[in-house]
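[1] sharing a model that was predicted from the sequence below.
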Amino acid sequence: MTRSTFSGFTIAQLAMTASQRALDVTGQNIANINTKGYTRQQVDLVSLNLKGADPTSSGKGSKIGYGVEVTGISQIRDPFLDVQYRNQIAKVGTADARQAGLDQLADIFDETDRDALKKALSDLSSSLDQLSSNANNSEFDSIVRSRSQVLLNYIHQKATDLKTTREETMYGLENTDIKTVNSLLSDIGELNDTIWKGQILGNPSLELMDQRNSKLDELAGYLPISVSYKEVKIGSSEKYSYPVVMLNGSNGIGYELTAGEHGENTASFSMEK
């Protein structure tokens with residue numbers, strides 16, 4: 001079978017189109033080299049052959065392809081690195097929160113202060129030793145009472161400081177951290193829905209996927225989460241993958257934070273009174 005006279009021109013045209021698209025994507029990558037959360041993109045190419053399994057495709061000339069076809073634009077992203085990063089950022093978030101709490105406690109029980117607990121205990125111990133040697137001396141008895149009162153006042157003050165610190169921590173947790181976590185989960189659900197709708201219309205929504213990954217990374221700084229991807233069929237052949245976000249509980253049980261047909265529904269957190 002003789003190939004079309006213009007097949008060579010068609011191959012050249014498709015090659016130039018694919019090369020131009022590749023240059024466009026390269027320019028996009030370079031333009032966003034400093035964009036936070038941007039994932040490098042690539043052009044997906046396949047060899048084009050319009051002949052199927054029919055008698056006319058048995059000729060020698062028909063075995064040659066008809067050029068290259070651009071099937072889409074995809075991201076160059078390593079899921080393994082995503083998992084490792086989110087595992088580590090969760091540990092960093094836990095360590096930072098613990099360090100912040102310890103810093104507050106260190107300010108309360110600051111032993112560099114000359115009037116700290118160590119000195120109060122030392123003074124009381126010294127006065128008790130003096131009283132034991134002068135049991136009938138009212139002066140030493142008064143000193144013991146006075147220094148005991150100083151110690152009690154110190155303990156009461158630190159108890160008040162601890163209560164205030166606890167209330168401030170709980171207030172910050174309820175009005176800052178939990179609200180941030182719920183906002184991130186809500187944003188992830190909305191992005192899942194928007195990306196799904198965009199992919200139904202043939203839009204890869206790569207920039208929205210970058211936003212979603214950034215939200216997931218930020219969420220991992222607050223909660224120990226794991227993210228896996230579940231495929232949903234769109235039509236007869238197209239597939240869409242959405243993230244299934246799990247909270248890794250301290251009891252070893254995982255709790256789903258996303259639900260729905262394509263991850264559009266998300267959980268929310270609240271404080272127990």
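    Sure, I can see it. Numbering: from 1, shown residues only.

[2] from the contact counts, what lies against the lowest-mean-pLDDT helix or strand in the chain?
    The helix or strand of the chain with the lowest confidence, counting by mean pLDDT, DSSP states H and E, is helix 117-133 at a mean of 80. Contact partners of helix 117-133 among helices and strands, from 3 or more CB pairs under 8 Å, 6 or more residues apart in numbering; DSSP states H and E: helix 138-172. Where C-beta positions appear, they are placed from N, C-alpha and C, glycine not excepted.

[3] quick revisit: send the alpha carbons of the least confident helix or strand of the chain over as PDB?
    Extracted in PDB, the C-alpha atoms of helix 117-133 (Å, rounded to 0.1, in the frame of the first residue of the first chain):
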ATOM      1  CA  LEU A 117      12.300  27.900  94.100                       C
ATOM      2  CA  LYS A 118      15.800  26.600  94.800                       C
ATOM      3  CA  LYS A 119      16.700  29.500  97.000                       C
ATOM      4  CA  ALA A 120      13.400  29.500  98.800                       C
ATOM      5  CA  LEU A 121      13.900  25.800  99.700                       C
ATOM      6  CA  SER A 122      17.500  26.400 100.600                       C
ATOM      7  CA  ASP A 123      16.600  29.200 103.000                       C
ATOM      8  CA  LEU A 124      13.800  27.200 104.600                       C
ATOM      9  CA  SER A 125      16.100  24.200 105.100                       C
ATOM     10  CA  SER A 126      18.800  26.400 106.600                       C
ATOM     11  CA  SER A 127      16.300  28.000 109.100                       C
ATOM     12  CA  LEU A 128      14.900  24.600 110.100                       C
ATOM     13  CA  ASP A 129      18.500  23.500 110.900                       C
ATOM     14  CA  GLN A 130      18.900  26.600 113.000                       C
ATOM     15  CA  LEU A 131      15.600  26.000 114.700                       C
ATOM     16  CA  SER A 132      16.500  22.400 115.500                       C
ATOM     17  CA  SER A 133      19.500  23.700 117.400                       C
END
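
[4] buried stuff in that helix?
    120, 123, 124, 127, 131 (16 or more other CB atoms under 10 Å).
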